[in-house]
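**Q** Turn this into a structure:
(2 chains)
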Amino acid sequence: MEFLKIENLCKTYGKGENEVKALDNVSFTVPKGQMVAVIGASGSGKSTLLHILGGVDRPTSGKVWLDGQDVYSQNQKNLAIFRRRQVGLIYQFYNLIPVLTAEENITLPMIMDGRKPKKERINEMLSLLDLSERRNHLPSQLSGGQQQRVSIGRALFTSPSIILADEPTGNLDSKNSSEIISLLRKSNRDFNQTMIVITHDENIALQCDRILTLSDGKIISDTLTYQG
Amino acid sequence: MKFQTMLAKRYIFAQKRHSILTVCSIIVALTFMSMLFTGFSTIYTSKRNIEYDKTPYHFLVKSVTKEQGEILASAENIESCVLKENSQKGTYSAELMLKKFIKDEHVVLKNAFEKAGLLTDDENVFKESKTSIAMAEVDGCIFRHCESSMLMIYDFVGVMAWYTVASIFSLFFVFVIILVLAMRLVIDTAFEISSKERERQFGVLQSIGATPSQVVKIINTEGSILSLIGIPIGILCGNLVAYIAYKIVLSSELLEAFFTPEDIERLVKFSINPVLMVISAITGYFWVWLSAYSTGMRIIKMSPMQAITSRSNTVKKVKKHSVYGLFFGWLGKLAARNARRSKKRFWITVVSLTVSIILFSNCSYAIDSFIKTYDSYLFEKGIDFDFSILSEEKVFGEKGYRNTINELENTGYFENVCFDYGVSGYHSTSKSNESKSYDKKNNLNFYISYLNETAYNKLFNGKPPISYNDLAESGEFIMLEIEEKHSNPAKWDKIEKLQKLDEIPLTLNIWENISVAEYKTLPMESREKCFEITADNDRNKIIGYRMTKKVPQTFKVNCRYPREDSKTYCDDGEMHFIELVGTCTHLEQTRGILKNNSIFAIECTLVNKDVYYDAVNYIKNHRYLTLDLDVFDMNYKNSSSFALAKIIILFVSIMIALISIVNMVNIISTGILNRRSELAAMQCVGMTKGQMYGMTIVECLQYVLTSGIVSSLASVGIIFAMDKFMTLMTLDEEFESIISYSTPLITVWCCVAAAFAAALITAFLSIQGLQKQTLVDQIRSVD
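**A** Down below sits the predicted model:
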C-alpha cells in the first residue's frame, strides 16, 4: 500500500540561461513504514526533494500525495498545520530555536498546535534521547550530538506519519552518528513511521530498507537493501 | 584600490538594507544637528539685525568736526565711521563700528580719540566715560560718546561680549552635545548591527591573513563612504527643516507681537552659518568614525576562531517566566525571550522612545500648564480686562467721569467699560482714639468702591443681591463680608461685630490739594506727608501739594455679600480690607467730600484685536487719559512667546522622535532578518503565518509598552514636581491646582500607539520581505 506517492516532480531555479533543474521528472512511491535513504552527489537535488516532500518548498510541477492527500492542493495555513502534524523535519545544522530550552524545543510543534504536552510523554522522549539531564539547557549549552537529538525529538514528538532527515549525521562524529541512526531506526520500527533520510554515508544508507540514488535531479537507481 | 576599500564597497552594496539604515541614521543625526545650528544662527543674526536697526554703531561720538571724524575713520581697528551732520550746531556725530573679535574696545577708542584730539588731559575722565551711556548722551558733557553694548555683544566686540557670547555658546553647546550623544547611539547601533552579522566573515578574513588593523580599516572605510553620502544629505535636510520652521513662524504672525510686519521682513532673516555647518559635518564624521572604530575594536578582540564559530543569535541565558507569557501564552513567552536576546538594543530602543515621548508630551503639556496658570493668575487677580486706563480728569470737573465713559464707549474700540473709583478708610474700635493718628491695633481698614452698572454687575457675576438702580435709590451700600475666621481671635471678634452693624462710622482718607503758600504754613511733621503737584508743561515746577484729610462719615448697609477671596484677608496681618460697594449715584452724592480726588481707573476690553493700535492711539491722543496697564499687549506677547516655544519644541520633538523611530525600525527589522532561518525553522515545524505575526506583534508591543510605562511614570514624576513648584511659586493655599495628571498621560499613550503602529509596519514589511524567499532559502541563508 503506497503511503507516499510522487509523480513527475520537477523543480527549476532561475530563468533563461541561469535555469537549473534541481529535480527532473521524479516519480516514485514509498509504502507505509519504509525507511528510504536518498544518496547522490552534492547538487543532485536530494535536499530539494526532501523539502518538497515536507511541504516546505513548492514544486515547479508534479504532485506529491501523502496518505492519499495532495500536499500542495492545500493553502498556506493548512500546509503549516500539515507540517506540524504529519511531518517531522531533521536538519544537518539542527535549526533549533536558541531562546528555547531542549524540552521547549522538543514540545514546540505540539504547543504551536494548541495542545498541552503530557509530562509522561516528555519524560519518555527525553529519556529515549538521553537528554533527561539536559532538558533545561539552551541549544548553546548543548553539544552537536545533543542538539541533533533535540532536533530528532522535535521531529518525533507529535508522532508524525513521515520523518524527513536531511543529512542528520553530516555534522556529527561516528559515535554520535550511529546513535542517531539507531534512534531513527527504532522510531521507524516502533511506530511504523515512514522515513526519508538524505545521507552521504554508505553505512547509514545500508541500514535503510531502500536506497534511491539521485543524479542531476533524476533517480538513476532504486534498490532494496537486505534490510528491505 | 586597496583591498580594504574594495571590501568596504562590496559590503555596502551586498548589505544594502544595512547600508541604507546606517545612512538614514547618519542623515537623521546630521539633520538634527544642522537644524539646531541653523536655528541658532537665524535667531542670532535676526537679533543682531534688530539691534543694528536701533543703534547702527558700536560707539556714537557726538559733537566732532568733519576732520576729527575722518581721523576717527582712519584709526586702527575701526571698521567704519559714518558721519552725520547736526545742521543746527554745525557739528557731526560719528557712528563708529569696530573690527570684530576685539577684546579691549576702550584701548581702540582711546587711541582713536587721542589721534583725533578728542581725549581730554584728564585720564580719569576717559575711565569714567567707559561706564555710562546716559551720561554720555547729555549734550555738552565732556563724555562725548555712547555705546551700543548689545550690538557689541553680537559682534564679539569688548570683554563683556566675550563673556556673554562664551556663556551663550557654552549653554548652547552643552545642549547640542547632550543631543549629539543621544544621536551617536543611533549611529552606533546601526554599525553594531551590521558588523555583528559579519563577525564570522571578519573571522575568516583574519584566519586567511588579514591583520586586526586591516579589519578595523575595512569598517572605518565603510563608515567614511557612508558618511560621504549621509552627511551632505543630513546637512541639507537640517537646513530644509530649519527653513520650514522659519517659514511657519513667519506665516503664523507670531512675531508681530514684538515687531511690525515691515521690521520682520527687513530684519528677521534666515541664516546659514558655514562655520557651524562645517562643525556639524566634522562632528558627524567624528561620531561615525568613532562608532566604526569601536565596532572594529570589539570584533578584533575576538580570536578568528571565536569570530568564525560565533553566531549573532547565540543565547546563553533566558528568563523562563515573563508577564507576556502569562498574557499571550507560548507566543508571548517566545516574543519576550526574543526581545531580550540583545538587552543593549532593547534598552537603547526603549530609552530613545521614552525620551522622545516624554519630551513631546511633557514639554507641550508644561507650556499649556504655564498658559493655564498664567490665565488663572490673571483671573485670581481680577485681571479680566484688556486695558486699565487712568483718567486725570477731575471726577466732578467739566468732563466728568460719565462723559469719559460715554466717550470711550462711543469710539467703537472698547466694550465692558467698567468704572471703579475707590476710597480707603478705617473704622476705629477705640472711642478715645477716633480720628487721631492711625492705630494699627484698634483700626479696621475699609475700602469703599463706587462702581458703574457694568462694573457692578461684573462684580456679582451678573447676579447682584440688589439691582443697581435700587441700590442707587436707597443710598445704601453692600458689605462684602469676610467669612473666614481671622487667625487673630481678638481681631476676628472685632471684624465679626463690625460686620453685623447696619450703620458703620468710618473715617475716610481724602486727598486735599493745598497751595504752595498753605504748604509752607504747615508744621514740618505734616509737610513730610504731602506730595508735590507739578505743572503739566514743566515737571520741575511745583504748583501745589496734596495732603490727606481724614473725613468721618457714616455708611448704611443695605445687604451683605460674601466675598470670593475672603480667605486672603483672614490671616494677612494688617491688610484686611472690609469693602463697601456703592454706585456712581453715591459718588455724586458724596461730591462735597470727594471733590479733590482727581484720578480714577477705567477697565475695559477691546471690541476685537484689530482695533488695538487705534485704541492705543486714541488714549495717547487724549491728554487726560493714561494707559496704566496694557493687559492685551502683555497677553499677546506672552501667548506669542508660548506659541513660538511650542513650535520650537515641536520641531525638536519630531526630530528626536525620528531618531528613536529610525533606531527602532533598525533594531526590529534587523532582529527579524537576523532570525530568518529561525523563523523559517519554526514554520517548517508547523508555525502558521498568523502565529508568526502574532509573535511579532507581541515583540513590538514589548518595546512600546515598556517605553509607555517608563514614560508614564516619568511624566507623573515631572508633573508632580511641576505641581510642587507651582504651589511654591504661587504661595497661595487657595490657588486651585490646574495640574492634570491625565492630560500628558493621554498624549504619552497616543505616542505609544503611534510608535506601535510604526513598529508593526516595520515588522510586517520585514516579514513580507522574508516571504519573498522560500522557507528553504531562508533556512539555507545561515547553513
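**Q** For residue 24, the count of nearby residues, please.
**A** Since you didn't name a chain, this refers to chain A. Residues near A:Asp24, counting by other C-beta atoms under 10 Å in any protein chain shown, number 17. In short, each C-beta sits where N, CA and C put it, glycine included.
**Q** that's the wrong chain, I wanted chain B
**A** Taking other C-beta under 10 Å as the criterion, the count of residues near B:Cys24 is 19.
**Q** show me what contacts the residue of chain B found nearest chain A?
**A** Per C-beta to the nearest C-beta, the residue of chain B with the smallest distance to chain A is B:Gly686, at 2.2 Å. Shown in contact with B:Gly686 (C-beta atoms under 8 Å, 6 or more residues apart in numbering or on different chains): A:Ala80, A:Ile81, A:Arg83, A:Arg84, A:Arg85, A:Pro109, A:Met112, A:Asp113.
**Q** From those, which land in helices?
**A** When these are checked against helices using DSSP state H, the ones located there are A:Ala80, A:Ile81, A:Arg83, A:Arg84, A:Arg85, A:Pro109, A:Met112.
**Q** These: which ones sit near chain B?
**A** Intersecting the ones in helices among the contacts of B:Gly686 with the contacts of chain B gives A:Ala80, A:Ile81, A:Arg83, A:Arg84, A:Arg85, A:Pro109, A:Met112 (criterion: C-beta under 8 Å from any C-beta of the partner chain).
**Q** Could you identify the buried members of the residues you listed?
**A** The neighbour count (16 or more other C-beta atoms under 10 Å in any protein chain shown) marks A:Ala80, A:Ile81, A:Arg83, A:Arg84, A:Arg85, A:Pro109, A:Met112 as buried among these.
**Q** Quick check, the fifth one in contact with A:Asp113.
**A** Yes. In this structure A:Arg85 lies within contact range of A:Asp113 using C-beta atoms under 8 Å: 6.8 Å.
**Q** list residues touching both of those two?
**A** With C-beta under 8 Å, 6+ apart as the test, A:Arg85 and A:Asp113 both reach A:Thr158, B:Gly686.
**Q** mind checking pLDDT for B:Gly238?
**A** The predicted local confidence for B:Gly238 comes out at a pLDDT of 92.
**Q** Could you measure from it over to B:Thr211?
**A** Counting by C-beta to C-beta, to the nearest Å, the gap from B:Gly238 to B:Thr211 is 38 Å.
**Q** Ok, A:Arg189 next?
**A** Using C-beta to C-beta, which is the criterion applied here, A:Arg189 is 56 Å from B:Thr211.
**Q** And A:Gly33, by the same measure?
**A** For A:Gly33, the distance to B:Thr211 equals 58 Å [C-beta to C-beta].
**Q** Of these two, give the one with the bigger neighbour count.
**A** Summary of the neighbour comparison: A:Gly33 and B:Thr211, criterion other C-beta under 10 Å, with A:Gly33 having more neighbours (16 against 11).
**Q** what's the closest non-adjacent residue to the closest residue to chain B within chain A?
**A** For chain A and chain B, the shortest gap (C-beta to the nearest C-beta) falls at A:Arg84, measuring 2.2 Å. Among residues not flanking A:Arg84 along the chain, B:Gly686 sits closest, at 2.2 Å (C-beta to C-beta, 6 or more residues apart in numbering or on different chains).
**Q** near chain B, which residues of chain A?
**A** Where chain A comes near chain B, counting by C-beta under 8 Å from any C-beta, the residues are A:47-48, A:51, A:54, A:56-58, A:76-77, A:80-81, A:83-85, A:89, A:91-93, A:95-101, A:108-109, A:111-113, A:138-141, A:154-155.
**Q** does any part of stretch B:329-341 sit near chain A?
**A** Yes. Interface with chain A: stretch B:329-341 contributes B:Trp330, B:Leu334, B:Arg337, B:Asn338, B:Arg341 (C-beta under 8 Å from any C-beta).
**Q** Go ahead and confirm B:His18 touches B:Ser194.
**A** Yes. Applying C-beta under 8 Å, one finds B:His18 in contact with B:Ser194, separated by 3.8 Å.
**Q** And the helices in the stretch 651-783 of chain B?
**A** Taking DSSP state H, counting those that start in this stretch as the criterion, the stretch 651-783 of chain B contains helices spanning B:676-684, B:689-730, B:742-771, B:775-780.
**Q** Now find how far off-centre the top helix by length along chain A is within its chain.
**A** Longest helix in chain A, counting residues (DSSP H): helix A:174-191. When distances are taken as C-alpha atoms, centre = their mean, to the nearest Å, helix A:174-191 is centred 13 Å away from the chain's centroid.
**Q** got a list of contacts for that helix?
**A** Outside of helix A:174-191, the residues within contact range by C-beta under 8 Å, 6+ apart are A:33, A:35, A:128-129, A:144-145, A:148-149, A:152, A:156, A:159, A:163, A:165, A:168-169, A:172, A:193-195, A:197, A:201, A:204, A:207.
**Q** Stretch B:640-660 too?
**A** Outside of stretch B:640-660, the residues that reach it under the criterion C-beta under 8 Å, 6+ apart are B:28-29, B:31-32, B:35-36, B:39, B:179, B:182-183, B:186, B:241, B:245, B:248-249, B:252, B:254-258, B:349, B:352-353, B:355-356, B:359-360, B:363-364, B:367, B:370-371, B:751, B:755.
**Q** Can you classify the most centrally placed residue in chain A as helix, strand or coil?
**A** By C-alpha atoms, centre = their mean, chain A has its centre lying nearest to A:Leu164, at 1.4 Å. Under DSSP: H, G, I helix; E, B strand; the rest coil, the three-state class of A:Leu164 is strand.
**Q** ok, what's across the strand from it?
**A** A:Leu89, A:Ile196 (DSSP bridges).
**Q** remind me, longest strand of chain B?
**A** Residue-count comparison of every strand in chain B, with assignments taken from DSSP state E, identifies strand B:542-562 as the longest.
**Q** From the contact counts, what lies against that strand?
**A** Under the contact definition 3 or more C-beta pairs under 8 Å, 6 or more residues apart in numbering or on different chains; DSSP states H and E, strand B:542-562 sits against helix B:468-474, strand B:477-481, strand B:503-514, helix B:516-521, strand B:531-534, strand B:578-583.
**Q** The longest one - which strands sit beside it in the sheet, and in what orientation?
**A** I take that to be strand B:503-514. Pairing partners of strand B:503-514, with direction, according to DSSP bridges: strand B:414-428 (antiparallel), strand B:542-562 (antiparallel).
**Q** if we can go back for a sec, of the residues of stretch B:329-341 next to chain A - the most surrounded one?
**A** When neighbours are counted as other C-beta under 10 Å, the busiest of the residues of stretch B:329-341 next to chain A turns out to be B:Leu334, with 28 neighbours.
**Q** circling back to that earlier point, comparing the helices of the stretch 651-783 of chain B, which comes out most buried?
**A** Per-residue neighbour counts averaged over each of those give the maximum for helix B:676-684, namely a mean of 23 (mean count of other C-beta atoms under 10 Å in any protein chain shown).
**Q** Rounded mean pLDDT for that one, please.
**A** Mean predicted lDDT for helix B:676-684 stands at 86.
**Q** Now look at that helix and say if it contacts chain A.
**A** Yes. For a cut-off given as C-beta under 8 Å from any C-beta, helix B:676-684 has contacts with chain A, namely B:Ser677, B:Glu678, B:Ala680, B:Ala681, B:Met682, B:Gln683, B:Cys684.
**Q** Got the phi and psi for B:Ser515?
**A** Main-chain dihedrals, B:Ser515, degrees, to the nearest 10: phi -80, psi 170.
**Q** So what pairs up with the residue nearest to it when sequence neighbours are not counted in the strands?
**A** Using C-beta to C-beta, 6+ apart and skipping residues adjacent in sequence, the residue nearest B:Ser515 is B:Gly544, 5.4 Å away. On the basis of DSSP bridges, B:Gly544 takes part in beta bridges with B:Ile533.
**Q** burial count for B:Gly544?
**A** When neighbours are counted by other C-beta under 10 Å, B:Gly544 registers 17.
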